[in-house]
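Engineer: Need a 3D model of the sequence below.
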Amino acid sequence: MGVAVRMNIAQSKEQLRASADELHRATRPAAQAGAQIIYDAAKLNASTLKSEREHYFYGTATKALPPGKKKAAAYGPYQPGTLYNAIYQVFSKSNSHKDVSTYHISFNREKAPYGFMVELGTSRAPAHSFIGKAVIETRAQVREAIKARYIEEVKK
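Structural biologist: Residues are numbered from 1 along each chain as shown. Reported below is the predicted structural model:
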């Protein structure tokens with residue numbers, strides 16, 4: 001006496017594909033949950049750097065100018081909160097694919113061209129990191145948020 005076992009795996013393959021697609025779709029909202037935490041922390045850090053009044057920044061060309069002429073060659077004026085308002089987050093299509101979703105958190109260089117000098121410092125001014133500090137300070141919280149959101153999205 002023999003037993004025949006027949007299995008049609010076509011339906012199972014379709015279900016697996018759907019599951020894989022669901023897993024892939026969950027990466028972007030999960031990455032955004034982590035990016036939001038870094039973005040919020042960067043904004044908070046930048047708010048502590050907010051000047052009380054309009055301000056200028058001076059490029060390297062002003063070093064050679066006499067003291068009375070430096071302000072004429074300065075960039076600005078920039079209103080208080082310019083750097084804070086220039087911070088953004090954006091999804092990066094070019095750095096993302098099925099298994100990886102990438103968000104960039106940065107500042108708009110057109111709106112606040114002095115942001116690099118604030119973040120990294122200069123030969124005369126210390127760094128006041130607002131984005132890098134946000135990444136370091138929120139690392140554990142970001143991991144947890146990404147994990148929780150990924151699980152939530154997959155269970156939908």
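Engineer: tell me the SS of the most centrally placed residue in the chain?
Structural biologist: Relative to the mean C-alpha position of the chain, the nearest C-alpha, by C-alpha atoms, centre = their mean, is the one of residue 105, at 2.1 Å. Per DSSP: H, G, I helix; E, B strand; the rest coil, the local secondary structure of residue 105 is strand.
Engineer: Contacts only, for it.
Structural biologist: By C-beta atoms under 8 Å, 6 or more residues apart in numbering, the residues touching residue 105 are 35, 38-39, 42, 87-89, 131, 134. C-beta here means a position set from N, CA and C on the backbone, and glycine is covered the same way.
Engineer: Now, of those residues, which are buried?
Structural biologist: If you count burial by 16 or more other C-beta atoms under 10 Å, the buried members of those come out as 35, 38-39, 42, 87, 89, 131, 134.
Engineer: Would you format those residues as JSON lines with distance to residue 55 and secondary structure included?
Structural biologist: Below are the buried ones among the contacts of residue 105 laid out as JSON lines (distance: C-beta to C-beta, whole Å; DSSP: H, G, I helix; E, B strand; the rest coil):
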{"residue": "35", "distance to residue 55": "29", "secondary structure": "helix"}
{"residue": "38", "distance to residue 55": "26", "secondary structure": "helix"}
{"residue": "39", "distance to residue 55": "24", "secondary structure": "helix"}
{"residue": "42", "distance to residue 55": "20", "secondary structure": "helix"}
{"residue": "87", "distance to residue 55": "17", "secondary structure": "strand"}
{"residue": "89", "distance to residue 55": "25", "secondary structure": "strand"}
{"residue": "131", "distance to residue 55": "20", "secondary structure": "helix"}
{"residue": "134", "distance to residue 55": "22", "secondary structure": "helix"}
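Engineer: ok so, going back, kindly indicate which of the contacts of residue 105 lies nearest residue 141.
Structural biologist: Using C-beta to C-beta, residue 38 is the member of the contacts of residue 105 that lies nearest residue 141, at 9.2 Å.
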